[in-house]
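> Sequence first, predicted model second:
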Amino acid sequence: MLQTGDADGVCTAHPTTLARVPWADKPTAQVIISMGSFDGSEPYAGDSRVVLQTVLDRYTALGLRPVVASEMEFHLFELEADKFGQPQHSQLAINGSSSLGGQAYSVDVMREAAPLMDAITDTAKIQNLPVDTLISEFGPSQFEINLYHQDCAMRACDQSSMLKRAIRSVTRSHNRVATFMAKPFAEQVGNGMHIHFSLIDADGNNVFADGTETGSDLLKHAVAGCLDTMSQSMAIFAPNINSYRRMVPGCYAPLAPNWGYENRTTAIRIPGGDNNAMRIEHRVAGADANVYLTVAAMLAGALYGIENKLTAPAPVVGDAGDAEAVLPQFWNDALAIFEKSVFVRDYLGEELQRTFAMSKRMEKHEFDSRVTLMEYDAYL
C-alpha cells in the first residue's frame, strides 16, 4: 500500500441520520459522515462505521441479521469542579452536601432531576432516538438510559452515538456536566455500556431461540466466540487509561471471560424472560467506548464462534464477582494483545488494527509523560 503520510480524503454524509439540534442557539442540524477516497470509490477501512459494516456484510452472506440494543450509564456533575479539580455530584444528601451513595431506581432522585430528564427525553423525540427507559442508577449522580432494539445494527449504533452527544449538550445547557467516563471516582462504581443482541434469519426467526430455556446450539457457538475473543477486543471495550480503573472487583465490571443465564456477575449474560426473545447481553465495555467498534467487536466475536462451531464452557451458576482476573487489567497489556491478534486483523481489518493501536499508543504516551497531582503530593 502506498504510504502518502497525512493524506486528505472526502467525507460522505448519511442522510438518514440528519437531525435537528434543539440545544443550539440558532437553527442547526447535524449529520453523521463517513470517510472515504477522493473519488468516492473506496470507504476508509479505519472508519469505525465502515468496520461495523464489514462485519454486518459477513452476517448478510450467512443470511443472518443482528438485532441490537444498548444500555448506557452516565454521571451528572455540577458545572464547577471542587478546589482539587474533582467533579462534584449533582445529587445531594439531606444536609446539602454531596451524596455519598446512590439510590437505584429512586423516584425521588428522578423527580429532583425532572427538568433535565424531561429535556433529554424531549430532545430524543426530536432526533428520533427511541429511548426506552431512563432511571437513576447505583452510584450517586448516576443514571442509565436504554434504547429500544433495532433490526439494523448500524442504525442502533447511530442512535446510541447521537444520544450520547445529545445528553452531553442538553446537560450543559442546564448548567450541569454529563460524562460517560468509565470511572470518575476510585471508590465508587463506574459507567458501563451493555449491548444486547440476537440474530434473525431471512424469515425473521430468532436463531438463538429453539423453544427451550437454554437456547439453540447457535447461541452457544456465539457465546463461545465472544468469550474466546474477549481479551483480544479489550482495547476496544476499554479504550483509554481511565477505562481500566473500572476493571476492579466489586464494581460490576467483569474481570474474566465467563457467561451465565440471568447472571449479572458474568461477562456474558443470557437474560431471562420469553424464550423466543433469547439474546446475548455483553457486559464488558465501558460507556466511554466507541459504540460502533464495540458492537463490531462483539458481533465479530459471535461470528467467529458460529463459523468455527466453538463450544462454550459450562455457564456460571452463582456469584462470579470473585473470579480470578483473566481479562487484561492494564491498558498496555490490552493494546499488546490487540496489536498481535489474528482475529482483529481478519474480522475488523488490518487498517483499523494498525491505526487504532497507533493512536492509542500516542495517547498512552501523553498520559505516561505527564506529572500528576499525586506525584507532587508524594514526592515534592
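Done, it's in.

> Asn240 versus Ala300, what's the distance?
21 Å (Cβ to Cβ, to the nearest Å). In this view, the C-beta of every residue, glycine as well, is placed from N, C-alpha and C.

> go on, Asp122?
Distance from Asp122 to Asn240, by Cβ to Cβ: 31 Å.

> which of the residues in the helix or strand of the chain with the lowest mean pLDDT are buried?
Using mean pLDDT, DSSP states H and E, helix 107-112 stands out as the lowest-scoring helix or strand of the chain, at a mean of 82. Buried residues in helix 107-112, counting neighbours by 16 or more other Cβ atoms under 10 Å, are found at Val109.

> same question, stretch 131-140
Applying 16+ other Cβ under 10 Å to stretch 131-140 flags 131, 134-140 as buried.

> Tell me which entries of those lie within helices.
Under the assignment DSSP state H, the buried residues of stretch 131-140 contribute nothing to helices.

> Grab the most central residue of the chain for me.
Met193 (4.1 Å; Cα atoms, centre = their mean).

> Can you name the residues bridging to it?
Following DSSP bridges, Met193 is listed with bridge partners Met72.

> Now do the strands in the protein.
10-13, 19-20, 29-30, 33-36, 65-78, 131-136, 142-147, 176-179, 193-200, 259-261, 268-270, 280-282 (DSSP state E).

> and those strands as TSV, adding mean pLDDT?
TSV is the format used below for these (pLDDT from 0 to 100):
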stretch	mean pLDDT
strand 10-13	90
strand 19-20	97
strand 29-30	97
strand 33-36	90
strand 65-78	96
strand 131-136	91
strand 142-147	94
strand 176-179	96
strand 193-200	98
strand 259-261	96
strand 268-270	97
strand 280-282	98
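
> among these, which is nearest Glu363?
strand 176-179 (17.8 Å; Cβ to Cβ).

> ok, that closest one: who's next to it in the sheet?
strand 65-78 (antiparallel).

> residues of the helix ranked longest in the chain that come out buried?
Ranked by number of residues, the top helix in the chain under DSSP H is helix 153-173. By 16+ other Cβ under 10 Å, the buried positions in helix 153-173 come out as 153-154, 156-164, 166-171.

> And for stretch 271-287?
For stretch 271-287, by 16+ other Cβ under 10 Å, it's 278-287.

> if we take the residues you listed, which one ends up nearest to Ala256?
Taking these together and measuring to Ala256 by Cβ to Cβ, the closest member is Val284, at 10.2 Å.

> What distance do you get for the closest one to His75?
With Cβ to Cβ as the criterion, Val284 and His75 are 20 Å apart.

> number of nearby residues for the residue nearest to Tyr304 when sequence neighbours are not counted?
Of all residues not flanking Tyr304 in the chain, Gly225 sits nearest, at 4.2 Å (Cβ to Cβ, 6 or more residues apart in numbering). Counted with other Cβ atoms under 10 Å, residues neighbouring Gly225 total 26.

> quick one: contacts for Gly225?
With Cβ atoms under 8 Å, 6 or more residues apart in numbering as the criterion, the residues that contact Gly225 are 301-306, 308, 310.

> For it, give its distance to Tyr59.
13 Å.

> and for those two, which residues touch both?
With Cβ under 8 Å, 6+ apart, Gly225 and Tyr59 have common neighbours Leu303.

> Of the strands of the chain, which is nearest Tyr244?
The nearest among these, by Cβ to Cβ, is strand 193-200 at 15.4 Å.
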